[in-house]
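S.K.: okay, sequence plus prediction incoming.
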Amino acid sequence: MNTPLLKVDNLRIALAGDGVTYNAVENVSFEIGRGEAFGLVGESGCGKSITALAVMGLLRRPLSLGGGRIVLDGQEIQDAPAAEMRRLRGKRIAMIFQEPMTALNPLSPVGKQIAEMFVLHEGANWRDAMDRAEEALRQVRVPSPERRIRDYPHQLSGGMRQRVMIAIALACGPDLLVADEPTTALDVTVQAEIIDLMAELCAAKGTAVLMISHDLGLVANMCKRVAVMYAGRIVESQVADAIFATPSHPYTQGLIDSLPRLGERARRGRQRLTEISGVVPSIQAYPSGCRFNPRCPAVTDVCRSSAPDITALPADGLVRCHHHG
Amino acid sequence: MSIAIKLPRLRLKGGMSLWVGGSLVGIAISAAILAPWIALTDPVMDANLMNAEIPPGWEYPFGTDAQGRDIYSRIVYGARISLSVGIISQICNSLIGVTLGLTAGYWGGWWDDLVSGLTNLMLAIPSLVFALAIMAILGPGLVSLVIALGLTSWSYSCRIARAQVLSLKSQGYIQAARILGYGDLRIMFTQVLPNILGPLIVIATLGMGGAILAEAALSFLGLGIRPPFPSWGSMLSEARDQITTAPWLSVFPGLAIFFTVLGLNLLGDGLRDILDPQSTTRRT
Amino acid sequence: MAESLLTLDDLAVHFMVGSAFAGGVKTLKAVDGVTLEVKAGECLGLVGESGCGKSTLALAIMGLLLPTRGLIHVDSQQISGSTPPDRMAMARTVQMVFQDPYASLNPRQTVRRTLADPLRLHGVNDKAEVEARVMDMMAKVGLRPEHADRYPHEFSGGQRQRIGIARALILKPKLVICDEPVSALDVSIRAQIINLLLELKDEMGLAYIMISHDLGVVEHVSDRVAVMYLGRIVEQGGWQEIFEDPRHPYTRALIAAIPDPFHRAAATIAKTKAKGEIASALNPPPGCHFNPRCPMKADVCVADAPFLGTVGPGHLAACHFRDRVS
């Protein structure tokens, strides 16, 4: 773990507005070791998805990379030319999306779409590639893969489509899998299966995972370390167990307290849920100082005037709060 | 907070075409309204064979026609007829089309099949040919012209309205209105119609240009406005024989049609950008 | 409190899908023999995954879909396949809060109009009274008076959901169907809306049907819970029985599927998890609909459909092994 597989350093993502440029994401740094599962958690608009797109080299106008470094396996890729990034995507870093239907080509059988990866990235011939595609479908536990290989995406259920996406993503044995809300569109029982499948396959192949989600519980279950983002910044990063045991940022604390937890009512009776007051700020109107300050129960003057620095926590954790430590 | 950012973009988006189109249409409409004051002579009565076919100059800016009538004055008065044909016939078309499209899309079933079939039939027959047939029955004249044009091109607004209703029907607020006990007609007119008005206004504006052209074509064929009353089409029709000897007779009415239709089309484009539902109802 | 507000008696809603030419007409049994009761002032949690028929059930209760079979009693009204309800009376009895706060408000109507129009439609003609009731309702859901003349796009998702709740309550209904009321909202906003719904329930004496796939939310708000699978109720009972002592393997699978970061080891007991995917309601498996995914499947599950049998006071489960599941 001395050279991390992916190192994101001081990432800044610019959003071009009318004559003004906003920082949609800033000061975002994290590292993912080989074979490690890392979770990035936050609400809609916090910048977690565009951070993932930046890693993939897929930022499009009005978004652009404003600064910082993205290092994959010792090689800086933030300024890599488009052709180089295309070669990397699929082969070394792969991505799965929330809605598999939009990410799959509706006019092509799923087997062909998997086989295409072998042809494109490994120069395999189509006959071998199709055999390997069938094997890949078997690995993601699609029942009777020899028949499913000829099915079109619309003939599959949501869960099956997401399995196909995983098969495509893992086809060429990438070092890093970026999963952006991979189960949000799925039913809960199917979600559990897909998460188990991803965890199992990535562990078997030694693939690292960058998991993006709004569901802290889901991410904590799958990932070793978790970072919480709020309004474009990472506010806390800890080992998954520790983030629930000792949440250090008031926002993380608020998220954990505000959700009704299964079994809680039986243990303690119905308590009023702890609310986080206010609303999520929009990119155009980020508050000054600590961006959580208008909603924070522990706010003081310093929170309004200056942005907090990083405070180190045990086990490589960090928190960005004036009132910690 | 989001409004502050949206407004400047709107102005940019509507932009040039809205301003240029609006100005051209504005000029045509003011000419029509102010005709009695800005015309130099009476467009019908002031015929004087002594002044026949004088080329454009200081006294007659656009020249005179074979009867010695001032072309400029006739164009200014002609705007009244051309524009009112365009506007009235488009109002008829919109009323028919929107009513049919709205009800067909909302109710569905056999009524939808019927309306859709009728729409396809109308689209299959060129509307000018259809208008010609109606004119042939009703005989020439302003009223029959408006009727012919007002009954023949509602299929576009009908299609647009129906498609919009179909996409809106499943929205939560339409459902909510049903649950609150709103009647079907009330839902159509208070919940659906205000949200589909944008594209319909655009279609109506573009259709107005089409109607003015159709009026010109029918009048050119002698089926529209009877001489001596001026409309831009009838003026072109009368100028047909002198196109080589006195080209100004056809050039100026032609330019009037050209700029008005261009203006309406630009205006329609500009409105489309502003009224685009995405720019006003999309979350940011 | 014990009076019954809503009873469903063997309710079924079937649809004909497909055409006579291509593949033939099939019957989609979206809701198939549901018997349920909601008492005044009670919250019934309705749990199920996509395609289980909960949305169809909601539409039928509101009188927007007529039953194919069975009866619905709402308050004093009776709905059956041949007797459609009086929509105006229904509107004053049953209302709905929608999932998507963006699509569920008319973008061209101010908050005032959204709330005042239904009042006028239902015969409140006195201007002062309409205004007073609108303002009162806005205050109840936590909106400020100056919000009255704003349009939906000027509000955040959470505030929009407050407007949606105000619209559902403006006619003072007795039963409110909440269709996934928080799942489209930001995580940090959800607690606000859940607390608000619970406060309003006590304040106005409302009964809720809380449709949700989020078991944490359902456990928190419900008095009783019904679990649906492919058009049928597979288990129902008090919230404590359902969550502490579930007797249907599907209910157990749902609970096992929730990631519990506080008890990570307990969540991964493989044998309680469901395998595979939900079958299509067009072509449900024979016998017990859950049998292809069930870890306890036996021959009898394919042969016979289990009935909803009593396993405890007010606790019913439709499983052949309801007494062995634990």
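M.R.: Here it is on my side, so go on. Numbering: from 1, shown residues only, chains lettered A, B, ... in the order given.
S.K.: with adjacent residues omitted, what lies nearest to the residue of the stretch 201-326 of chain C found nearest chain B?
M.R.: Nearest to chain B in the stretch 201-326 of chain C, going by CB to the nearest CB, is residue C:209, at a distance of 13.5 Å. Just so you know, the C-beta spots here come from the backbone N, C-alpha and C atoms, and that holds for glycine as well. Spatial nearest neighbour of residue C:209, excluding adjacent residues (CB to CB, 6 or more residues apart in numbering or on different chains): residue C:177 at 4.7 Å.
S.K.: what number of residues lie near that neighbour?
M.R.: Other residues lying near residue C:177 total 29 when counted by other CB atoms under 10 Å in any protein chain shown.
S.K.: what's the answer for residue B:129, then?
M.R.: 9.
S.K.: how about the longest helix along chain A: buried residues?
M.R.: When chain A is parsed with DSSP state H, its longest helix is helix A:188-205. By neighbour count on 16 or more other CB atoms under 10 Å in any protein chain shown, the buried set for helix A:188-205 is A:188-199, A:201-202.
S.K.: check stretch B:159-176 too.
M.R.: B:159-162, B:164-165, B:168, B:171-176.
S.K.: ok, now stretch A:98-115?
M.R.: A:98, A:100, A:103, A:104, A:109, A:110, A:111, A:112, A:113, A:114, A:115.
S.K.: which ones are touching the second one?
M.R.: Pointing back at residue A:100 there. By CB atoms under 8 Å, 6 or more residues apart in numbering or on different chains, the residues touching residue A:100 are A:153, A:158, A:161, A:162, A:164, A:165, A:185.
S.K.: same deal with the first one?
M.R.: Applying CB under 8 Å, 6+ apart, one finds that residue A:98 lies in contact with A:180, A:181, A:182, A:184, A:185.
S.K.: run the last query once more with 6 Å
M.R.: Taking CB atoms under 6 Å, 6 or more residues apart in numbering or on different chains, we find residue A:98 in contact with A:181, A:184, A:185.
S.K.: host element of the last one?
M.R.: Counting by DSSP states H and E, no helix or strand carries residue A:185.
S.K.: residue nearest the centroid of the chain?
M.R.: In the absence of a named chain, chain A is used. residue A:212 (2.1 Å; CA atoms, centre = their mean).
S.K.: if you could check chain C rather than the one you did, that'd help
M.R.: Note: chain C centre (CA atoms, centre = their mean) maps to residue C:211, 2.9 Å.
S.K.: ok, that one to residue A:75 distance?
M.R.: 50 Å (CB to CB, to the nearest Å).
S.K.: what do you get for residue A:168?
M.R.: In terms of CB to CB, residue A:168 sits 24 Å off from residue A:75.
S.K.: which SS class is the residue of the stretch 201-326 of chain C closest to chain B?
M.R.: Counting by DSSP: H, G, I helix; E, B strand; the rest coil, the backbone at residue C:209 sits in strand.
S.K.: return the residues in contact with residue B:112.
M.R.: So residue B:112 contacts residue B:104 (CB under 6 Å, 6+ apart).
S.K.: state the distance from it to residue B:184.
M.R.: Residue B:112 is 14 Å from residue B:184, by CB to CB.
S.K.: about what we covered before: what about the residue of the stretch 201-326 of chain C closest to chain B, distance to residue C:87?
M.R.: Per CB to CB, residue C:209 is found 19 Å from residue C:87.
S.K.: now stretch C:74-87 - C-alpha only, CSV.
M.R.: Extracted C-alpha coordinates of stretch C:74-87, given in CSV (Å, rounded to 0.1, in the frame of the first residue of the first chain):
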residue,chain,number,x,y,z
VAL,C,74,-64.1,4.0,2.4
ASP,C,75,-65.8,5.9,5.2
SER,C,76,-69.5,5.7,4.1
GLN,C,77,-68.8,4.9,0.4
GLN,C,78,-68.8,1.5,-1.2
ILE,C,79,-66.9,0.9,-4.4
SER,C,80,-67.2,-2.1,-6.6
GLY,C,81,-66.7,-3.0,-10.2
SER,C,82,-70.2,-1.7,-11.0
THR,C,83,-70.5,1.2,-8.6
PRO,C,84,-67.9,3.9,-9.2
PRO,C,85,-67.5,6.4,-6.3
ASP,C,86,-68.6,10.0,-6.1
ARG,C,87,-65.4,11.7,-6.9
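S.K.: quick one on the thing from earlier: now for the contacts of residue A:98, which sits with the most neighbours around it?
M.R.: residue A:181 (20 neighbours).
S.K.: measure the nearest residue to that residue once chain neighbours are set aside to chain B for me?
M.R.: Nearest non-adjacent residue to residue A:181, counting by CB to CB, 6+ apart: residue A:98, 4.1 Å away. Note on residue A:98: its distance to chain B, by CB to the nearest CB, to the nearest Å, is 17 Å.
S.K.: how about residue A:98, secondary structure?
M.R.: Applying three-state DSSP: residue A:98 is coil.
S.K.: in the stretch 51-200 of chain A, which residue sits nearest chain B?
M.R.: Closest point on the stretch 51-200 of chain A to chain B, by CB to the nearest CB, is residue A:62, at 11.5 Å.
S.K.: and that residue, what does it touch?
M.R.: A:15, A:16.
S.K.: if we use 10 Å, what do you get?
M.R.: A:14, A:15, A:16, A:17, A:18, A:21, A:22, A:24 (CB atoms under 10 Å, 6 or more residues apart in numbering or on different chains).
S.K.: what does residue B:253 give?
M.R.: Per CB under 10 Å, 6+ apart, neighbours of residue B:253: B:62, B:71, B:74-75, B:78, B:82, B:216, B:230-239.
S.K.: if we go to 7 Å?
M.R.: Neighbour list for residue B:253: B:75, B:78, B:232, B:235, B:236 [criterion: CB atoms under 7 Å, 6 or more residues apart in numbering or on different chains].
S.K.: and for residue A:119?
M.R.: Residue A:119 neighbours (CB under 7 Å, 6+ apart): A:126, A:129.
S.K.: and if we set it to 10 Å?
M.R.: Here residue A:119 is in contact with A:112, A:125, A:126, A:128, A:129, A:130 (criterion: CB under 10 Å, 6+ apart).
S.K.: still on that earlier bit, rounded mean pLDDT for the longest helix of chain A, please.
M.R.: Across helix A:188-205, pLDDT averages out at 89.
S.K.: what's the answer for stretch A:70-82, then?
M.R.: The model assigns stretch A:70-82 a mean pLDDT of 91.
S.K.: check stretch A:226-244 too.
M.R.: Per-residue scores along stretch A:226-244 average to 93.
S.K.: which of the three states applies to residue A:69?
M.R.: strand.
S.K.: tell me the helices in the stretch 101-250 of chain A, going along the chain?
M.R.: A:110-122, A:126-139, A:145-148, A:158-170, A:188-205, A:216-222, A:240-245, A:250-258 (DSSP state H, counting those that start in this stretch).
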